[in-house]
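Trainee: structure here, sequence nowhere to be found:
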């Protein structure tokens, strides 16, 4: 939920924070995405997620801001992000395992465990 303290209005925070948060999660999803099957032929090393990619996958439906991606330039993103008017955020992935949990950790500044 966006706006976790009693002093903050979740709806007001959702209004100004939604685009940035969705973009950050989408960038992490894109960076972590790998080709599947024949999508390898469309993969470009060093490619980056752009604002135009965000707007291509973004819709406003029934009072919710929805980001939905499947394959993007050879990467299997399969990520859905929804922000409701009350500030409730839903992040879901398909065929990505526990990847979304790592993205949330990175957004919170946690370091990834590395085997030494």
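Mentor: Structure's in. What do you need? Remember, it's a predicted structure, so these values are computed and weren't measured experimentally.
Trainee: going forward, measure contacts between C-alpha atoms and count neighbours the same way
Mentor: Will do.
Trainee: could you list the buried residues of the helix or strand bottoming out on mean pLDDT in the chain?
Mentor: Taking mean pLDDT, DSSP states H and E as the measure, the chain has helix 99-107 as its least confident helix or strand, at a mean of 84. Going by neighbour count (16 or more other C-alpha atoms under 10 Å), the buried part of helix 99-107 is 100, 102-103.
Trainee: now do the SS call for the nearest residue to residue 86 once chain neighbours are set aside.
Mentor: Closest residue to residue 86 in three dimensions, ignoring its sequence neighbours and counting by C-alpha to C-alpha, 6 or more residues apart in numbering: residue 11, at 4.6 Å. Here residue 11 is recorded as helix under DSSP: H, G, I helix; E, B strand; the rest coil.
Trainee: burial check on residue 11, number of neighbours?
Mentor: 17 (other C-alpha atoms under 10 Å).
Trainee: please apply the same query to residue 52.
Mentor: When counting by other C-alpha under 10 Å, one arrives at 9 neighbours for residue 52.
Trainee: host element of it?
Mentor: Secondary structure from DSSP states H and E places residue 52 in helix 51-57.
Trainee: parallel or antiparallel, which strands does the next helix or strand after that helix pair with?
Mentor: Per DSSP H and E, helix 51-57 leads on to strand 58-61 as the next helix or strand towards the C-terminus. When pairing is defined by DSSP bridges, strand 58-61 lines up against strand 64-72 (antiparallel).
Trainee: touching the strand it pairs with from outside, list them.
Mentor: 18, 22, 39, 54, 57-60, 76-85 (C-alpha atoms under 8 Å, 6 or more residues apart in numbering).
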